[in-house]
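[1] can't give you the sequence, but here's the structure:
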């Protein structure tokens, strides 16, 4: 850990001290945190649980690329952690420890305080302790997060377990985040609920826990439903058919002329797409908590590689796996 | 893991695929790597060793701040990993798994290939497997590394164990890296050996292992010897006296008018500064391998807080703990 003390001109620890302070306020430590030694030595020392595997995810967010540069700081803090929590949810891992490296073009204490509020509030809710990181002055705002979690050995959900005949499910209403972004980019204000779907995505950690022993494969929807289902198919050596009429659209997305396209190809939803063998579909209903997000059966896995979209008459058309490329104009 | 596939315009995985390819060539996988699932799912899945603690270090390097923007790519790759390995060495942890997040202003395959050669060669030598990360286009070159290692429970070296009467040691010849940087900044070419001390620092992993059960406290010298010894003192609630005449200077540093200042305050050496209780000093000589770097006793820990520099007559003057601030002109 270099808390801003590099010989090459890092700021003298002030910002990281601020971050740590915000976390100390919000994130409980104690023995159950598994933190033997937190911020303040060369490394953090952590106490992993016996009989568990470690899950590790690293995702960076860059201003102007992963979020508009003028985004609300609290939302950016939330999202920087949420996208990593979503990766752990996709494997049904329990998040535990996080490291945060911030590159900051300038020191804006208000912005940092807001960022910390968003990041730390979600960390506290998710049982995650901040154990390291650094802050450095640099030409652009770059937020690099590495998250560690645990799951019982052999219980992680992978992308590679889908088999022909499995049902394909998605949680929530994909396409909402892409619609919110489209409205913002047009200069229109999205309804608050839609905007939160883009700026405050809720990682599906509890849903993922319920899927242990039920789902055969799982991924989080970050690139877009079709693209991410394509990742499952590629890893499993199978294909998938999606029933266009089964796609769960929110009212706002359904009202768009291209609502299904948004649901299939819009990214950044951080819902889960997962497969369930036929003999376990009954278990799924039992496993889901009463307040679980809606899970919709949208298709099935087939042996033939590729993605196919079925229309109302059951006619299949090839479906491109590519996601949107909003910012890059692709 | 998002291998460059964000909906917001990350490049389509080409760079991270290149990185992974370079690693596959160099870093052996297999059961002993502890990697259950590497690059290509939402998270890496790792198998921690029973009876061990995890050590986690995150350090970012930014072009123009932590290294000159025109640095040799292979050296940058080496150093990005070396500074994190050095943090693990400071705790006597065995490095195991690394995640690499690159923000790149442009795609330069030659640069990336060189970067990977440097990073992967040091990873292979150190027994470290690349298990995740991402690449993103952004306005500046930012290299964010998170390294995980292990040490037997209770055997980690910490900053907080120094006690009055302990001897203070430093490995190698501190000040070399700062002298090399000074020459480069003046437009002079440093001798090759000196330049390597700046650009290819060798993390003291083996030395650190030898210090287990011998040293009472340890830190790696990144901010500068005085500053880092100051961190030990602060964490241990003690002070230290350094014998100016005992400082081990390389011939090049000794030839400078301010060689001792360089040795005391120059950063980026990635040597170890450690404390040894009097009754264990004999063990130190036995523990060190024949090819271990030179370890020099430079002073002792005292009860009174603060750092003191003793001249040839034993007269003590207060010593500022501040390190250099080369790039920022501080």
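    Arrived safely. It should be emphasised that the depicted structure is a prediction, and the values quoted were computed from it without experimental measurement. Numbers count the residues shown, from 1 in each chain, chains lettered A, B, ... in the order given.
[2] residue A:62 reaches residue A:142, doesn't it?
    Yes. Using Cβ atoms under 8 Å, residue A:62 is in contact with residue A:142, at 5.3 Å. Glycine gets a C-beta too; all of them are placed from N, C-alpha and C.
[3] show me what contacts residue A:36?
    A:45, A:46, A:47, B:53 (Cβ atoms under 8 Å, 6 or more residues apart in numbering or on different chains).
[4] hang on, the earlier thing: who's more crowded, residue A:62 and residue A:142?
    Taking neighbours as other Cβ atoms under 10 Å in any protein chain shown, residue A:62 and residue A:142 compare with residue A:142 leading, 28 against 25.
[5] residue contacts, the more buried one?
    A:60, A:61, A:62, A:63, A:101, A:102, A:103, B:103, B:138, B:140, B:142, B:144.
[6] surely the fifth one touches residue A:134?
    Okay, so that is residue A:101. Yes. The criterion here is Cβ under 8 Å, and residue A:101 meets it with residue A:134 at 5.3 Å.
[7] so where's chain A shaky on pLDDT?
    A:1-16, A:18, A:22-31, A:322-330 (pLDDT under 70).
[8] for stretch A:293-309, list every residue counted as buried.
    Residues of stretch A:293-309 classed as buried: A:293, A:295, A:296, A:298, A:299, A:300, A:301, A:302, A:307, A:308, A:309 (neighbour count, 16 or more other Cβ atoms under 10 Å in any protein chain shown).
[9] is any part of it close to chain B?
    No. Against chain B, stretch A:293-309 shows no contacts by Cβ under 8 Å from any Cβ of the partner chain, the least distance being 15.7 Å.
[10] now do the end-to-end distance for that stretch.
    Using Cα to Cα, to the nearest Å, the end-to-end distance of stretch A:293-309 comes out at 24 Å.
[11] hang on, residue A:48 packs against residue B:56?
    No. Applying Cβ under 8 Å, one finds residue A:48 not in contact with residue B:56, separated by 10.9 Å.
[12] who's more crowded, those two?
    Neighbour tally, residue A:48 and residue B:56, criterion other Cβ under 10 Å: the higher count belongs to residue B:56, 28 against 21.
[13] circling back: which neighbours do residue A:62 and residue A:142 share?
    Contacts common to residue A:62 and residue A:142, judged by Cβ under 8 Å, 6+ apart, are B:103, B:138.
[14] can you classify the one residue in the stretch 151-300 of chain A that gets nearest to chain B as helix, strand or coil?
    Nearest residue of the stretch 151-300 of chain A to chain B (Cβ to the nearest Cβ) works out as residue A:267 at 2.4 Å. Three-state call for residue A:267 (DSSP: H, G, I helix; E, B strand; the rest coil): coil.
[15] how many neighbours does it have?
    So residue A:267, with other Cβ under 10 Å, has 25 neighbours.
[16] the one 5 residues further on too?
    The burial count assigned to residue A:272 is 28, neighbours taken as other Cβ under 10 Å.
[17] how close does it get to residue A:177?
    Separation of residue A:272 from residue A:177 (Cβ to Cβ, to the nearest Å): 14 Å.
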